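>>> sequence first, then the predicted structure:
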Amino acid sequence: MSKDYSIKIEIDERLSAERALKKFKRYCEAFGVIREYRKRQEYKKPSIRNKEKLQAAEKRRKKTQTKYGRGSKI
């Protein structure tokens, strides 16, 4: 199943072009279009993706530990 990325924005006299563009960008970000584009820019082997995922999780874990003061401060 493929995702349907049809984003439509109605433009009328009350909505300026700049505001419509900002709204379009917000919708693209909310629907995950930009994230999907960046993901498809280059192919990564599954082993590399898993390694990056584990590294990101470890980084988050360390960050929360230091935030709540559970990490040792030696």
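It's in.
>>> show me where the chain has helices.
Secondary structure of the chain (DSSP state H): helices at 17-31, 33-40, 46-67.
>>> would you reformat these as TSV and include mean pLDDT and mean neighbour count?
To be clear about C-beta, it is placed using only N, CA and C from the backbone, and glycine gets the same treatment. Below are these laid out as TSV (pLDDT from 0 to 100; neighbours: other C-beta atoms under 10 Å):
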stretch	mean pLDDT	mean neighbour count
helix 17-31	89	12
helix 33-40	89	11
helix 46-67	94	10
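>>> need those in CSV with distance to Ile9, can you?
Listed next are these as CSV, based on distance: least, C-beta to C-beta, whole Å:
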stretch, distance to Ile9
helix 17-31, 5
helix 33-40, 14
helix 46-67, 33
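>>> for Glu10, which of these is the nearest?
Checking these against Glu10 by C-beta to C-beta gives helix 17-31 as the closest, at 8.6 Å.
>>> residues making contact with the closest one?
Contacting residues not belonging to helix 17-31 are listed as Tyr5, Ile7, Ile9, Ile11, Leu15, Ile34 [C-beta atoms under 8 Å, 6 or more residues apart in numbering].
>>> hmm, try it at 10 Å
3-12, 15-16, 33-37 (C-beta atoms under 10 Å, 6 or more residues apart in numbering).
>>> export it to PDB, keeping only CA atoms.
What follows is helix 17-31, C-alpha atoms only, in PDB (Å, rounded to 0.1, in the frame of the first residue of the first chain):
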ATOM      1  CA  ALA A  17       0.400  33.800  -1.000                       C
ATOM      2  CA  GLU A  18       3.000  33.900   1.800                       C
ATOM      3  CA  ARG A  19       0.500  32.500   4.300                       C
ATOM      4  CA  ALA A  20      -0.600  29.900   1.900                       C
ATOM      5  CA  LEU A  21       3.000  28.800   1.400                       C
ATOM      6  CA  LYS A  22       3.600  28.600   5.100                       C
ATOM      7  CA  LYS A  23       0.400  26.500   5.500                       C
ATOM      8  CA  PHE A  24       1.500  24.200   2.700                       C
ATOM      9  CA  LYS A  25       4.900  23.700   4.400                       C
ATOM     10  CA  ARG A  26       3.200  23.000   7.700                       C
ATOM     11  CA  TYR A  27       1.000  20.400   6.100                       C
ATOM     12  CA  CYS A  28       3.900  18.700   4.300                       C
ATOM     13  CA  GLU A  29       5.700  18.500   7.700                       C
ATOM     14  CA  ALA A  30       2.600  17.100   9.400                       C
ATOM     15  CA  PHE A  31       2.000  14.500   6.700                       C
END
